[in-house]
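> Predicted model follows, preceded by the sequence.
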Amino acid sequence: MYLIFRCDCGRVLYAKKGVATRKCVCGKTLKVKSRRIFKKVATREEASLAVQQMQDEIYGNTDFQRASDL
């Protein structure tokens, strides 16, 4: 199971259940246990899609694309 949560900088992250800490790209180390959990999903692929969808909702349509499609 994977947990979906947000960093203080606003980025949406995921971590496997049972992991104590997760480091954000902003450099902050977060204690997963103390974060507000937005979603719980079963697989890593579902977690990745959930993060993309939440980022789109927060920051608008960011259009995740492959470099070969640009």
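Alright, I've got the coordinates. Residues are numbered from 1 along each chain as shown.
> correct me, but residue 36 touches residue 5?
Yes. The criterion here is CB atoms under 8 Å, and residue 36 meets it with residue 5 at 6.4 Å. In this view, the C-beta of every residue, glycine as well, is placed from N, C-alpha and C.
> Between these two, tell me which one has more neighbours.
residue 5 (19 against 6; other CB atoms under 10 Å).
> hey, what's the residue nearest the centre of the chain bridged with?
The residue lying closest to the centre of the chain (CA atoms, centre = their mean) is residue 13, at 2.1 Å. For residue 13, the beta-bridge partners are residue 5 (DSSP bridges).
> That one: what's it in contact with?
Applying CB atoms under 8 Å, 6 or more residues apart in numbering, we find residue 13 in contact with 4, 5, 6, 7, 22, 24, 30, 51.
> what two of the residues you listed have the greatest distance between them?
With CB to CB as the measure, no two of those lie farther apart than 30 and 51, at 14.3 Å.
> show me where this protein has strands.
Here the chain has its strands, by DSSP state E, at 2-6, 12-16, 21-23, 29-31, 39-41.
> could I get the ones you listed as CSV with mean pLDDT and distance to residue 56?
Shown next, in CSV, are those (pLDDT from 0 to 100; distance: least, CB to CB, whole Å):
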stretch, mean pLDDT, distance to residue 56
strand 2-6, 96, 14
strand 12-16, 95, 10
strand 21-23, 95, 21
strand 29-31, 95, 22
strand 39-41, 96, 14
